[in-house]
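**Student:** Structure for this input, please:
(chains A and B)
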Protein chains: 2
Amino acid sequence: MKVTLLAGGVGGARFARGLVDVVEERNVTVVGNVGDDLEVLGLHVSPDLDSVLYGLAGLSDEQRGWGRADESWQALGTVAALGGETWFLLGDRDIGLHLVRTQALDAGEPLSAVTRRLASQLGIGATLVPATDDRLRTWIATEAGEFSFQEWFVGRGHRDEVDGVRFEGADAAVAAPGVPAALDAADLILIAPSNPYVSIAPILAVAEIRAALERRTVPCVAVSPLIAGRAVKGPADRMLARLAGGMSPRHVAGCYAGLIDALVVDESDAHDLAGLDDVRPILTRTLMRDEDARRSLVRAAVGGVFA
Amino acid sequence: MKVTLLAGGVGGARFARGLVDVVEERNVTVVGNVGDDLEVLGLHVSPDLDSVLYGLAGLSDEQRGWGRADESWQALGTVAALGGETWFLLGDRDIGLHLVRTQALDAGEPLSAVTRRLASQLGIGATLVPATDDRLRTWIATEAGEFSFQEWFVGRGHRDEVDGVRFEGADAAVAAPGVPAALDAADLILIAPSNPYVSIAPILAVAEIRAALERRTVPCVAVSPLIAGRAVKGPADRMLARLAGGMSPRHVAGCYAGLIDALVVDESDAHDLAGLDDVRPILTRTLMRDEDARRSLVRAAVGGVFA
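**Tutor:** Predicted structure coming up:
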């Protein structure tokens, strides 16, 4: 069975890791978000792609929830001593990857090719591909002004309430090579428990990807990022409340209108399934606290539609 | 007393460190070599400037002889794992500096301005300035072909005999702001015990700098990098033998013809002072094995001409 997953950062990475435990790794394609990519210290950083890379390679720091395990911070310490840019935390091991990628991009290699090469070097058997090789950046509109995603998320600690999200470059962005084909060839399409607005929407903002989902002939199952109406991490719940009018499963499903057939919902939200209309709820425990929980969630998502 | 020093890498850095112990730091200007600058992993690296920076800031690794003390290598470990460029060794702390500098250069800041800022952030009271803000690169002609300096020095372990040295960009290079003025205002000009061909010649290849030395009204004293006719480190002795015809003090002095008034010579070469002509020898011990030796060498160079 071939599975194609749309994934954001940390939640997407954990889900992807569970997915390759359940489905043959070489049959998995993960389409990653690039809307929160940034240039910092002259380096091209793709935080969401890297979360998935590190997750699939077993290199993630599970305690901290982002970045690499056994990380050190000497380079950033020097940067701080020299008065450089330190608002975005880059560890030494992480910087090694950014150096290799930035050099390749500057030499004209597309992001998808670099990503494929990095995944292969890290021994990853699944296919990881960015939604697009073109520049697509997420901008966040707030009362305090519009900010680039990372400036709002990291720089301002995502404290400003979000009035709107804009994807710079989306209109012209072409799907990265292999992405529409992976969606068309899939037996199942999954959407990870990522933030619908800033992790998944930037992927769906690429017209070819949205079109491939719309014309799908196989099930598409999204996993809600909410547990008891709250986000496990990050601002997804606040964004849903403000932009969709609530934090119920139907508000999550509304973000994927016409694109999904089922929604995996945490048991804690079982009382709140009204308004899902033709989206079938799949109830299970969704907190990915460990390996078993990740696999169990994936099995529910995969098995739910074929049951 | 104002002193301006022309300096290469490791030997230059050690001598500069001794110099600021003997002469008021704010009265010292070090003009650094940029001929061995390179781009590696997309970073602009200035190995000679950095040796002086780290030396003056007390951050050098004295055992290894280059780079920073307490260095770690996690980023380069990742680069290696990802199949990236690892021939030029960059430590984590060192990379922090290269990131800050590269970002500033890419933003259009001249190298001299970045260098001034880095020196200031590291608490250095002396002035460190590159010979030029323009691109000036050393190329090494050998039987095996012509190589960029670092490709020959590091990549090929400076094993190929040198048939000639060329300074790409030198004809058009303008001295960095303040360099001619620092030479004109100096009460004493010093040339560090660096390789005449690849550390000092690229500085002198900037016409304004050579002209300032030629029109000097104050003494200029060079320190020979040879001890008993051999280089302490590196290929200076082999280059002198092949390109100047010998490894005696007169062969070193010959590299600075018309530019120096005295040459500090190691006592081990005292038997070999013939042919120095109007260059006055100053005999002392020149090996900078520790702080005291550094200061003592500087005192000999400074005091020798004023005695």
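**Student:** contacts, neighbours, all on C-alpha from now
**Tutor:** Noted.
**Student:** and for the worst-scoring helix or strand of chain A on mean pLDDT, what are the contacting residues?
**Tutor:** None of the helices or strands of chain A scores lower by mean pLDDT, DSSP states H and E than helix A:291-306, at a mean of 90. Applying C-alpha atoms under 8 Å, 6 or more residues apart in numbering or on different chains, the set of residues contacting helix A:291-306 from outside is A:14-15, A:17-19, A:21-22, A:188, A:190, A:219, A:221-223, A:262, A:264, A:282, A:284-288.
**Student:** Next, the buried residues of that helix.
**Tutor:** A:Ala293, A:Arg294, A:Arg295, A:Ser296, A:Leu297, A:Val298, A:Arg299, A:Ala300, A:Ala301, A:Val302, A:Gly304, A:Val305 (16 or more other C-alpha atoms under 10 Å in any protein chain shown).
**Student:** just the CA coordinates of it, formatted as PDB?
**Tutor:** Extracted in PDB, the C-alpha atoms of helix A:291-306 (Å, rounded to 0.1, in the frame of the first residue of the first chain):
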ATOM      1  CA  GLU A 291       6.500   4.800  19.800                       C
ATOM      2  CA  ASP A 292       3.500   2.600  20.600                       C
ATOM      3  CA  ALA A 293       1.200   5.600  20.700                       C
ATOM      4  CA  ARG A 294       2.500   6.800  17.300                       C
ATOM      5  CA  ARG A 295       1.900   3.400  15.700                       C
ATOM      6  CA  SER A 296      -1.500   3.000  17.300                       C
ATOM      7  CA  LEU A 297      -2.500   6.400  15.900                       C
ATOM      8  CA  VAL A 298      -1.200   5.600  12.500                       C
ATOM      9  CA  ARG A 299      -3.100   2.200  12.500                       C
ATOM     10  CA  ALA A 300      -6.300   4.000  13.400                       C
ATOM     11  CA  ALA A 301      -5.900   6.500  10.600                       C
ATOM     12  CA  VAL A 302      -4.900   3.800   8.000                       C
ATOM     13  CA  GLY A 303      -7.200   1.100   9.200                       C
ATOM     14  CA  GLY A 304     -10.200   3.400   9.900                       C
ATOM     15  CA  VAL A 305     -10.900   3.900   6.200                       C
ATOM     16  CA  PHE A 306     -10.300   0.400   5.100                       C
END
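**Student:** Could you give the separation of that helix from the chain centroid?
**Tutor:** 18 Å (C-alpha atoms, centre = their mean, to the nearest Å).
**Student:** ok, which residues in chain A are in contact with chain B?
**Tutor:** A:41-42, A:72, A:74-79, A:81-85, A:92-97, A:99-100, A:102-103, A:118, A:121-122 (C-alpha under 8 Å from any C-alpha of the partner chain).
**Student:** average pLDDT for the helix or strand where A:Gly12 lies?
**Tutor:** Assessed by DSSP states H and E, A:Gly12 sits inside helix A:10-22. What helix A:10-22 shows for mean pLDDT is 96.
**Student:** other SSEs contacting it?
**Tutor:** With contacts defined as 3 or more C-alpha pairs under 8 Å, 6 or more residues apart in numbering or on different chains; DSSP states H and E, the packing partners of helix A:10-22 are strand A:3-7, strand A:28-32, helix A:47-56, helix A:291-306.
**Student:** what angle sits between that helix and helix A:47-56?
**Tutor:** Interaxial angle of helix A:10-22 relative to helix A:47-56 (axes from the mean of the first three to the mean of the last three C-alpha atoms, to 10 degrees): 30 degrees.
**Student:** Using PDB, write down the CA coordinates of helix A:10-22.
**Tutor:** Output in PDB follows, covering the C-alpha atoms of helix A:10-22 (Å, rounded to 0.1, in the frame of the first residue of the first chain):
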ATOM      1  CA  VAL A  10       7.000  18.400  15.000                       C
ATOM      2  CA  GLY A  11       3.600  16.700  14.900                       C
ATOM      3  CA  GLY A  12       4.100  15.800  11.300                       C
ATOM      4  CA  ALA A  13       7.500  14.300  12.100                       C
ATOM      5  CA  ARG A  14       6.200  12.200  14.900                       C
ATOM      6  CA  PHE A  15       3.300  10.900  12.800                       C
ATOM      7  CA  ALA A  16       5.700  10.200   9.800                       C
ATOM      8  CA  ARG A  17       7.900   8.200  12.100                       C
ATOM      9  CA  GLY A  18       4.900   6.100  13.200                       C
ATOM     10  CA  LEU A  19       3.800   5.700   9.600                       C
ATOM     11  CA  VAL A  20       7.100   4.100   8.500                       C
ATOM     12  CA  ASP A  21       6.700   1.700  11.300                       C
ATOM     13  CA  VAL A  22       3.300   0.600  10.000                       C
END
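**Student:** tilt between it and helix A:291-306?
**Tutor:** Going by the same axes, to 10 degrees, helix A:10-22 makes 80 degrees with helix A:291-306.
**Student:** Could you check helix A:10-22 and say which residues are buried?
**Tutor:** A:Val10, A:Gly11, A:Gly12, A:Ala13, A:Arg14, A:Phe15, A:Ala16, A:Arg17, A:Gly18, A:Leu19, A:Val20, A:Asp21.
**Student:** next one: stretch A:87-103
**Tutor:** Here stretch A:87-103 shows A:90-103 as buried, counting by 16+ other C-alpha under 10 Å.
**Student:** what's that stretch in contact with?
**Tutor:** Outside stretch A:87-103, the residues that reach it (C-alpha under 8 Å, 6+ apart) are A:40, A:43-45, A:67-68, A:71-76, A:114, A:154-155, B:41-42, B:74-79, B:82, B:84-85, B:92.
**Student:** In PyMOL, select just the buried ones from those residues.
**Tutor:** Applied in PyMOL, the following selects the buried portion of the contacts of stretch A:87-103 according to 16+ other C-alpha under 10 Å:
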select buried, (chain A and resi 40+43+44+45+67+68+71+72+73+74+75+76+114) or (chain B and resi 41+42+74+75+76+77+78+79+82+84+85+92)
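**Student:** Number of residues surrounding the residue in the stretch 151-300 of chain A that chain B sits nearest to?
**Tutor:** Nearest residue of the stretch 151-300 of chain A to chain B (C-alpha to the nearest C-alpha) works out as A:Glu151 at 18.2 Å. Using other C-alpha atoms under 10 Å in any protein chain shown, A:Glu151 has 18 neighbouring residues.
**Student:** same deal with A:Val221?
**Tutor:** Neighbours of A:Val221 (other C-alpha under 10 Å): 26.
**Student:** repeat for A:Gly145
**Tutor:** Neighbours around A:Gly145, by other C-alpha under 10 Å: 10.
**Student:** same question, the one 4 residues further on
**Tutor:** As a burial measure, the neighbour count of A:Phe149 was computed by other C-alpha under 10 Å and equals 24.
**Student:** all helices for the stretch 101-250 of chain A, in order.
**Tutor:** A:111-121, A:149-150, A:179-185, A:201-204, A:207-214, A:236-243, A:249-255 (DSSP state H, counting those that start in this stretch).
**Student:** average pLDDT for the third one?
**Tutor:** Yep, that's helix A:179-185 we're talking about. pLDDT averaged over helix A:179-185 gives 98.
**Student:** what's near enough to touch the closest residue in space to A:Leu136 that isn't next to it in sequence?
**Tutor:** Counting by C-alpha to C-alpha, 6 or more residues apart in numbering or on different chains, the nearest residue to A:Leu136 once its immediate chain neighbours are dropped is A:Gly169, at 4.7 Å. Residues near A:Gly169 by C-alpha under 8 Å, 6+ apart: A:Asp134, A:Arg135, A:Leu136, A:Arg137.
**Student:** if I look at the first one, how far off is A:Asp261?
**Tutor:** From A:Asp134 across to A:Asp261, the span is 29 Å (C-alpha to C-alpha, to the nearest Å).
**Student:** follow-up on the earlier one: which of the contacts of stretch A:87-103 fall within helices?
**Tutor:** A:Gln74, A:Ala75, A:Leu76, A:Val114, B:Gln74, B:Ala75, B:Leu76, B:Gly77, B:Thr78, B:Val79, B:Asp92 (DSSP state H).
**Student:** Kind regards, and thank you for your time.
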